[in-house]
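Asker: One predicted model, sequence on top.
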Amino acid sequence: MSAREEFDAWAADGRDRGMEERHWHTAKHVLGRMPVESGERILDLGTGSGYAARALADAADARACGLDGSPEMVRNARSYAEDPRVEFLVGDFGALPFADSSFDHAFSMEAFYYAASPHETLKDLRRVLRSGATFSCAVNYYEENTASHEWQDSIEIPMTRWSMDEYRAAFDEAGFHVAAQDTIPDREIEIPPSDEFPTEGFESREAMVERYRTLGTLLTVGVVP
Amino acid sequence: MSAREEFDAWAADGRDRGMEERHWHTAKHVLGRMPVESGERILDLGTGSGYAARALADAADARACGLDGSPEMVRNARSYAEDPRVEFLVGDFGALPFADSSFDHAFSMEAFYYAASPHETLKDLRRVLRSGATFSCAVNYYEENTASHEWQDSIEIPMTRWSMDEYRAAFDEAGFHVAAQDTIPDREIEIPPSDEFPTEGFESREAMVERYRTLGTLLTVGVVP
Amino acid sequence: MKESLMEIIRCPMDKQELELEPIQESDDEVLEGRLVCTECGEEYPIEEGIPNLLPPDMRDDPPA
Amino acid sequence: MKESLMEIIRCPMDKQELELEPIQESDDEVLEGRLVCTECGEEYPIEEGIPNLLPPDMRDDPPA
Ligand SMILES: Nc1ncnc2c1ncn2[C@@H]1O[C@H](CSCC[C@H](N)C(=O)O)[C@@H](O)[C@H]1O
Ligand SMILES: Nc1ncnc2c1ncn2[C@@H]1O[C@H](CSCC[C@H](N)C(=O)O)[C@@H](O)[C@H]1O
């Protein structure tokens, strides 16, 4: 199955809205830290339902552009957004369809590791960002989050599983200055009482607490020199 | 009273340790976000008891240097630290006694706004940081934190009260790229039940909740291009 | 797609400028049309207001 | 103060290199001594292992 077919199917199933709800718990903190000024242009890489693009336009009066490789995702995202400051387009992480220095900042949640050539994507991202721009890259799938490792089994698209160190090194190699790195806990997801474990996803309550309250979302922030 | 006399008196009173305990609630999150690599040199500006220098050496195997204008503060800080990776010296924010590009990162908690010429201090900081270095500037005294405004009444040293926007603009003007800005809530300080208000510091429980749980510590992160 | 997006979008293959060929427009948006690369001549569709700037080999419907 | 600090410390006034004049040393630290600016000649004390690099007008004890 191609990435496009896979994610088109997710969109048709309404998984875009489900992800929005869960990812918002930590994504809102990532968005809240971005030093966005009014009128700036922001790229949302792998926009899904487009919630981040909507939130940035709304909270920071920014012009947000959501890119996604799945036409069905983008069709949904467009249908949820009424704000004229928000735009969506279909495109691939491997061939960003933008001019040099097009954006003042970029954001990506739970999407970057689907890039077929993540190092190339980072370099191309650097190209489409102006000097001084930030890239906030948020992922739940990463080496230290052992509970996430099995996710690859249920999807045919190859996923890149870097450690925190590997994210910093890759940003560095692509010419970003690493400005910050952090794991952001999900304090909102409901964790059932111990006697309900094992659940479908977790052997024990401790494992679920670790996955969400301790590890949460890995954020790496790069700045273009 | 000179800054030196004021803070020497604080140190003699043991206020350095009291601040350490309270500031740690949010400072640890600031420190945790810094992308410090093993062996890097870090400056702790206005080190007080020196806890941040100690923590950086310990957690990130960094070489930390704490600067403070109060000889008594530094004497205390030195007495608390056993780690050979930690050093302290007496110096003023207005005349940083360091070579160009001496440090890989800088940190400052509840100290920066005492600088007599904050714009000059930012510029000098940029000078002593290498390209790609970050400066994490954390303050509880800032415009949006209205509960903090009255602090100036109890100290003779003039304090700079910038807004979040003014911090970003000043960093920018000094030649830093602003990489992130955030308010970090203090989730640990105990807030008494409503019937114990007014207290010495707060009219109402709501005001105290806003001061700590909502506003907390303002963090601005700059990166040297 | 609003015309202002033309400022930043480029051909995904060679990053050269695109020319907008509108077919159907609303008040402030192009609903159907084409984006043509001024360099390589590749054409990218705009459908239901959405520009599709996937590289040509990823754009076409997968064989059923 | 460890000698390795000499790599980064400079005269606060003109940011020129300092020369270390140790008076009392322990295993790995200078406990008492002086740091002298190689350019302006200003002297900065090291006392109880702590270098005092305040500008000269801020260093001196305040009048009682
Ligand atoms: N190579 C690629 N190019 C462009 N988009 C891709 C891609 N691989 C995956 N995606 C998109 O990345 C998204 C990952 S799901 C995450 C969506 C959203 N950011 C959220 O937080 O909920 C999907 O919408 C998928 O279509
Ligand atoms: N102009 C100046 N130069 C150097 N240090 C200064 C200064 N003005 C204030 N300070 C120092 O800044 C510190 C502020 S109190 C904060 C201390 C510590 N960072 C903490 O978080 O607890 C004091 O130790 C004071 O001596």
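Answerer: Looks like it arrived, so ask away. Ligands and ions are numbered 1, 2, ... in the order given.

Asker: could you pull out the strands for chain C?
Answerer: Secondary structure of chain C, counting by DSSP state E: strands at C:18-25, C:30-37, C:43-47, C:50-51.

Asker: before we move on, what about chain A?
Answerer: Using DSSP E, strands in chain A cover A:41-45, A:63-68, A:86-90, A:103-109, A:129-139, A:177-184, A:217-223.

Asker: can you pull the contacts of A:F171?
Answerer: Neighbour list for A:F171: A:122, A:135, A:137, A:178, A:220, A:222 [criterion: Cβ atoms under 8 Å, 6 or more residues apart in numbering or on different chains]. Heads up, the C-betas are built off the backbone N, CA and C, glycines and all.

Asker: how many neighbours does the first one have?
Answerer: For A:L122, the number of neighbouring residues by other Cβ atoms under 10 Å in any protein chain shown comes to 24.

Asker: How confident is the prediction for it, by pLDDT?
Answerer: Per-residue pLDDT puts A:L122 at 98.

Asker: Just to check, it is in contact with A:F176?
Answerer: Yes: with contact defined as Cβ atoms under 8 Å, A:L122 counts as touching A:F176 (7.2 Å).

Asker: that older thread, single out the most deeply packed of the strands of chain C.
Answerer: Scoring these by mean neighbour count under mean count of other Cβ atoms under 10 Å in any protein chain shown gives strand C:50-51 as the most buried, with a mean of 22.

Asker: Chain A: helices as residue ranges?
Answerer: A:3-12, A:15-33, A:51-60, A:71-80, A:118-128, A:164-173, A:205-209 (DSSP state H).

Asker: Need the ones you listed in a markdown table (columns: distance to B:V30).
Answerer: Formatted as a markdown table, those follow (distance: least, Cβ to Cβ, whole Å):
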| stretch | distance to B:V30 |
| --- | --- |
| helix A:3-12 | 37 |
| helix A:15-33 | 12 |
| helix A:51-60 | 22 |
| helix A:71-80 | 35 |
| helix A:118-128 | 26 |
| helix A:164-173 | 17 |
| helix A:205-209 | 24 |
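
Asker: So what's the gap between stretch A:46-62 and the chain middle?
Answerer: Centroid separation for stretch A:46-62 versus its chain: 12 Å, with Cα atoms, centre = their mean, to the nearest Å.

Asker: how far does it stretch from start to finish?
Answerer: The first residue of stretch A:46-62 is 18 Å away from its last residue (Cα to Cα, to the nearest Å).

Asker: Do it and ligand 1 come into contact?
Answerer: Yes: remark: stretch A:46-62 sits within contact range of ligand 1 at A:46-48, by Cβ under 6 Å from any ligand atom.

Asker: filter these to the buried ones?
Answerer: Buried by 16 or more other Cβ atoms under 10 Å in any protein chain shown: A:46-48, out of these.

Asker: Okay, the single nearest residue of chain C relative to chain B and C:M1: tell me how far apart.
Answerer: Using Cβ to the nearest Cβ, the single residue of chain C nearest to chain B is C:I8, 20.9 Å away. Per Cβ to Cβ, to the nearest Å, C:I8 is found 12 Å from C:M1.

Asker: These two: which is more packed in?
Answerer: Set side by side, C:I8 and C:M1 show more neighbours around C:M1, with 25 against 19, by other Cβ under 10 Å.

Asker: Tell me which residues touch that one, please.
Answerer: C:M1 sits next to A:87, A:89, C:29-30, C:46, C:49-51 when contact means Cβ under 8 Å, 6+ apart.

Asker: and it, what pLDDT?
Answerer: pLDDT for C:M1: 96.

Asker: ok, back up a step: shouldn't the residue of chain C closest to chain B be in contact with A:S102?
Answerer: Yes: contact criterion Cβ under 8 Å: C:I8 and A:S102 qualify, at 3.9 Å.

Asker: picking up where we left off before, just give me the closest of the contacts of C:M1 to B:R187.
Answerer: Distance to B:R187 across the contacts of C:M1 (Cβ to Cβ) is lowest for A:E87, with 37.6 Å.

Asker: Do I have it right that that closest one meets A:C65?
Answerer: Yes: A:E87 lies in contact with A:C65 (Cβ under 8 Å); the separation is 4.9 Å.

Asker: Spatially central residue in chain A, please.
Answerer: Taking Cα atoms, centre = their mean, the centroid of chain A lies closest to A:M109, which sits 1.1 Å from it.

Asker: Am I right that it is in contact with A:A138?
Answerer: Yes: assessed by Cβ under 8 Å, A:M109 is found in contact with A:A138 at 4.6 Å.

Asker: Need the overlap of contacts for the two.
Answerer: Counting by Cβ under 8 Å, 6+ apart, the shared contacts of A:M109 and A:A138 are A:27, A:30, A:217.

Asker: With distance to B:G14 added, can I get these in a markdown table?
Answerer: Shown next, in a markdown table, are these (distance: Cβ to Cβ, whole Å):
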| residue | distance to B:G14 |
| --- | --- |
| A:A27 | 43 |
| A:V30 | 39 |
| A:T217 | 39 |
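
Asker: what's near enough to touch A:V224?
Answerer: A:126, A:129-135, A:175-177, B:177.

Asker: sorry, that was for C:E7
Answerer: With Cβ under 8 Å, 6+ apart, C:E7 has these contacts: A:99, A:102.

Asker: same question, A:M73
Answerer: A:7-8, A:10-11, A:16, A:47-49.

Asker: from the residues of stretch A:46-62 next to ligand 1, which are also near chain B?
Answerer: Among the residues of stretch A:46-62 next to ligand 1, no residue is within reach of chain B (Cβ under 8 Å from any Cβ of the partner chain).

Asker: C:M58 and A:G69 touch, don't they?
Answerer: Yes: in this structure, C:M58 is within contact of A:G69 by Cβ under 8 Å, at 7.4 Å.

Asker: any residues in contact with both of those two?
Answerer: Common neighbours of C:M58 and A:G69, counting by Cβ under 8 Å, 6+ apart, are A:4, A:92.

Asker: the more surrounded of the two?
Answerer: Between C:M58 and A:G69, counted using other Cβ under 10 Å, A:G69 has the larger neighbour count: 23 against 18.

Asker: show me what contacts residue 20?
Answerer: Went with chain A since none was named. By Cβ under 8 Å, 6+ apart, the neighbours of A:E20 are A:48-49, A:51.

Asker: that's the other chain; I wanted chain C
Answerer: Applying Cβ under 8 Å, 6+ apart to C:L20 gives the contacts C:3, C:6, C:30, C:33-35.

Asker: can you put the strands of chain C in JSON lines and add mean pLDDT?
Answerer: Output for the strands of chain C, formatted as JSON lines (pLDDT from 0 to 100):
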{"stretch": "strand C:18-25", "mean pLDDT": "98"}
{"stretch": "strand C:30-37", "mean pLDDT": "98"}
{"stretch": "strand C:43-47", "mean pLDDT": "98"}
{"stretch": "strand C:50-51", "mean pLDDT": "98"}
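
Asker: what about those, which gets the closest to A:G94?
Answerer: With Cβ to Cβ as the criterion, A:G94 lies closest to strand C:43-47 of the strands of chain C, at 15.6 Å.

Asker: Adjacent strands (with direction) for the closest one?
Answerer: Using DSSP bridges, the strands paired with strand C:43-47 are strand C:30-37 (antiparallel), strand C:50-51 (antiparallel).

Asker: gap between the last one and the chain center?
Answerer: In this view, strand C:50-51 has its centroid 6 Å away from the chain centroid, taken as Cα atoms, centre = their mean.

Asker: same check, this time on the longest one
Answerer: Averaging C-alpha positions (Cα atoms, centre = their mean) puts strand C:30-37 5 Å from its chain's average.

Asker: which residues touch that strand?
Answerer: The contact list for strand C:30-37 (Cβ under 8 Å, 6+ apart) reads C:1-3, C:9, C:11, C:13-14, C:16-25, C:42-49, C:51, C:53.

Asker: Which two of the contacts of A:F171 have the greatest separation?
Answerer: Spatial extent of the contacts of A:F171 (Cβ to Cβ) is set by the pair A:L122 and A:V178 at 11.7 Å.
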